[in-house]
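Q: Fold the following for me, if possible:
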Amino acid sequence: MEIPQHIAIVPDGNRRWAKSKGLPTLLGHKKGFDRTYEIISHAQKMGVKVITFYAFSTENWNRARKEVDYLMSLFVLFFDKKMAKLNEMGIKLRHLGDISRLNEECASKLKSGIEMTKDNVGLVVQLAINYGGHDELKRAIQKIVTKKYTPEEIDEKVISDNLDTAGIADPDLVIRTSGEKRLSNFLLWQSAYSELYFPVLAWPDFSKKEFDKAIEEYSTRQRRLGK
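A: Numbering: from 1, shown residues only. The predicted structure is shown next:
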């Protein structure tokens, strides 16, 4: 199989998965977090270089306060329980999005994980937390203006270099689980020529076998990149 170097994932369907099983919504999110760690480990074994998860969007703040607080607590639990192991695996953690709106504990754990793994050379794991493609582009433009580029100096490289993903290749494959067929404000600039894959399974059911199926499907595609 041809292994995508960068896979971006919208892990959708946690709430619907829980509802279908008669379980509380929050348990769906917990199952989804467990699945994320499993896929990270498997992606590294498969030879993927970068994997990006759309963990919490700028629009997710509009959800019920109880759900938002629980998601933030799951991020903290993930960092507490998994960061040491991820560091041992050589994982390098990066964050996409605006960290300023995260609560103090979550932001602190995230920064600690990034610092802990900054010199690692294994799989790069990018967590998009409080991330939105529109917000990212807005912040990139603000950086460019602050750096006082002239209009003639602003090209695609300048824009890319001021995005949250600066220095990281664009995703080869974008996977969105649960059957929804849209990007929902995720990596809008970076996904211009990404292959898109929309399995109907909810994220908690997206096993290593299903991940392999996505790569098999990717291997059948012919990427012309506009040529």
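Q: my guess is M89 contacts S41, does it?
A: Yes: M89 sits in contact with S41 when judged by Cβ atoms under 8 Å, with a separation of 7.1 Å. Placement of C-beta: from N, CA and C, glycine included.
Q: what does the lengthiest helix in the chain rub up against?
A: Ranked by residue count and defined by DSSP state H, the top helix of the chain is helix 65-88. For helix 65-88, the surrounding residues in contact (Cβ atoms under 8 Å, 6 or more residues apart in numbering) are 25-26, 29-30, 33, 36-37, 40, 55-56, 60-61, 93, 102-103, 105-106, 109-110, 112-113, 116-117, 120, 125, 129.
Q: Any chance of a ChimeraX selection covering the buried ones in the residues you listed?
A: Restricted to buried positions by 16 or more other Cβ atoms under 10 Å, the ChimeraX selection for the contacts of helix 65-88 reads:
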select :25,26,29,30,33,36,40,55,56,60,93,102,106,109,110,113,116,117,120,125,129
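Q: residue closest to the middle of this structure?
A: F53 (1.8 Å; Cα atoms, centre = their mean).
Q: Which element, helix or strand, includes that one?
A: Following DSSP states H and E, one finds F53 within strand 50-57.
Q: ok so, going back, for the residue nearest to the centre of the chain, name its beta-bridge partners.
A: Assessed by DSSP bridges, F53 has beta-bridge partners I9, L127.
Q: which residues touch the spatially closest residue to E38 that is not a sequence neighbour?
A: Leaving out its chain neighbours, the residue that sits closest to E38 by Cβ to Cβ, 6 or more residues apart in numbering is K208, at 6.7 Å. By Cβ under 8 Å, 6+ apart, the contact list for K208 reads E38, I39, H42.
Q: of those, buried ones?
A: Among these, those classed as buried by 16+ other Cβ under 10 Å are I39, H42.
Q: Can I take it that I129 is in a strand?
A: Yes: assignment of I129 by DSSP: H, G, I helix; E, B strand; the rest coil places it within a strand.
Q: residues in contact with it?
A: I129 makes contact with A55, F56, F75, H95, L96, G97, I99, L102, C106, L110, according to Cβ under 8 Å, 6+ apart.
Q: distance of the residue lying closest to the second one once chain neighbours are set aside from G13?
A: Yep, that's F56 we're talking about. Leaving aside its sequence neighbours, F56 sits nearest to I129 (Cβ to Cβ, 6+ apart; 4.7 Å). Going from I129 to G13 by Cβ to Cβ, to the nearest Å gives 19 Å.
Q: re earlier: flag every buried residue along the longest helix of the chain.
A: So, applying 16+ other Cβ under 10 Å, buried residues of helix 65-88: Y70, L71, M72, L74, F75, V76, F78, F79, K82, M83, L86, N87.
Q: Mind pulling the model confidence for the fifth one?
A: Per-residue confidence (pLDDT) for F75: 96.
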